[in-house]
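Novice: output the structure for:
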Amino acid sequence: MAGTSDRNATITALEKSNVSRYIQLASLFRQKIDSGEWDVGDKIPTVKELAEQCGVATMTIRQSLGMLERDGLIERFRAKGTFVRERPRRDLWCEVRTDWSGLLLARQDATIEILSDERTTRLPRLESDIGRPAPTYRHLRRRHSRDGCAFLLGDVYLDERVASKVPEKALSRLTSMRLVSDLPDQEVVDAKQIVTIDSADLVTSDQLNIPIGAPIAKVQRIAVDQHGDIILLANGLYRGDMVKIEVKLR
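Specialist: Numbers count the residues shown, from 1 in each chain. Down below sits the predicted model:
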C-alpha cells in the first residue's frame, strides 16, 4: 500500500491536470513498470487497492489498466490477479542530433510517408526571430517510420521559390535540412534548432500510435539563406519513448 503522503500527492496531481484521470493513471502505472517498482512477473495491487491509493473510482482504474493491457504491458487472470508482462519499449534508436552533419543524415532503415502536400501556404508561428518569411511556402506533412513503427511527425515548410528546385523523389527520402542544404545557387548561412517537451494531443496520438498525453519532443528547425529569407521551417513531433537528444560538446 502507498503511504499517506504518496496518496495525497497523487490525488493532488490528478486534480490539477486537465488530462482525463484514467490517462494520467495509465501514465503513472507505466512509470512504475518502467522504473522496476512493478517488475516483470510481479503481481500488482488489485483494482480496489489502486482505487483507494489514487482516490478514484474503480472504473477509472479499470480504464487505466485496460490501456496497459492493450499495450501488452500487463496480463490479467481471473481469480489470480494482474501481472506485469513486460516493460514499456525503450528502443532509443531515434536521435535528435544537434550538430550540422547529424541534421543532414537520414536515419538508417527509416521510411518517409507524405501524408499531405499543400501549396501557397503561410509560415506558422516561429520560436525564434531568425530570418524573414518568404511570400509563400509548400507545406508537407510527413510521417517517419522504422520497421513499421512511426516515430516522427514532421511539418515541413519550403519556400516555394526554393521548393521548385527540390527533386520530387527527395521529398520522401531526405531529412528536412538536407532538402535545402545542397541546392545549386542556394546557401544556408544561418540555422537554428529548438527543442521543447510536450504531450501528445488527439491527432498526434492517433498518427504515432501512442496514448493521449504521452510525452513527445517538439523540434523546430529553421534555415535562412544568403538573402536573409527563411527557406525552411520544419516542425517535428518525436515519440518520447523512442528518442534521445545528443549534444556534441567538442
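
Novice: okay, CA-based contacts and neighbour counts for the rest of this
Specialist: Fine.

Novice: what about the longest helix in the protein?
Specialist: Taking DSSP state H as the assignment, the helix of the chain that covers the most residues is helix 21-35.

Novice: how far does that one sit from its chain's centre?
Specialist: 17 Å (C-alpha atoms, centre = their mean, to the nearest Å).

Novice: can you point out the buried residues in it?
Specialist: Of the residues in helix 21-35, 21-27, 29-30, 33-34 count as buried by neighbour count, 16 or more other C-alpha atoms under 10 Å.

Novice: show residues contacting that helix.
Specialist: 14, 38-40, 60-61, 63-65, 67-68, 84, 87-88, 211-214 (C-alpha atoms under 8 Å, 6 or more residues apart in numbering).

Novice: among those, which lie within strands?
Specialist: With DSSP state E as the criterion, strands contain residue 84 from among these.

Novice: can you name the next helix or strand after the longest helix of the chain?
Specialist: helix 47-54 (DSSP states H and E).

Novice: for that following helix, the averaged confidence score.
Specialist: Helix 47-54 shows an average pLDDT of 94 in the prediction.

Novice: and the contacts of helix 21-35, which are buried?
Specialist: Neighbour-count burial within those applies to 14, 38-40, 60-61, 63-65, 67-68, 84, 87-88, 211-214; the criterion is 16+ other C-alpha under 10 Å.

Novice: re earlier: give the rounded mean pLDDT of the longest helix of the chain.
Specialist: With pLDDT averaged residue by residue, helix 21-35 scores 85.

Novice: orientation of that helix relative to helix 47-54 in degrees?
Specialist: Regarding helix 21-35 and helix 47-54, their directions subtend 100 degrees when assessed with axes from the mean of the first three to the mean of the last three C-alpha atoms, to 10 degrees.

Novice: and residue 142, that one's in a helix?
Specialist: No - the assignment for residue 142 (DSSP: H, G, I helix; E, B strand; the rest coil) gives strand, which keeps it out of a helix.

Novice: read off the pLDDT value for residue 159.
Specialist: With respect to pLDDT, residue 159 scores 97.

Novice: domain-wise, how is the protein divided?
Specialist: Partitioning the chain according to automatic domain parsing yields domains covering residues 4-84, 94-246.

Novice: which residues in the protein form helices?
Specialist: Along the chain, the stretches classed as helices by DSSP H are 4-16, 21-35, 47-54, 58-70, 100-104, 160-163, 176-181, 202-208.

Novice: so what touches the fourth one?
Specialist: The contact list for helix 58-70, computed with C-alpha under 8 Å, 6+ apart, reads 21-23, 25-26, 30, 47-48, 50-51, 74-76.

Novice: picking that back up, and the helices of the chain as CSV, adding distance to residue 80?
Specialist: Listed next are those as CSV, based on distance: least, C-alpha to C-alpha, whole Å:
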stretch, distance to residue 80
helix 4-16, 25
helix 21-35, 19
helix 47-54, 13
helix 58-70, 16
helix 100-104, 50
helix 160-163, 61
helix 176-181, 51
helix 202-208, 33
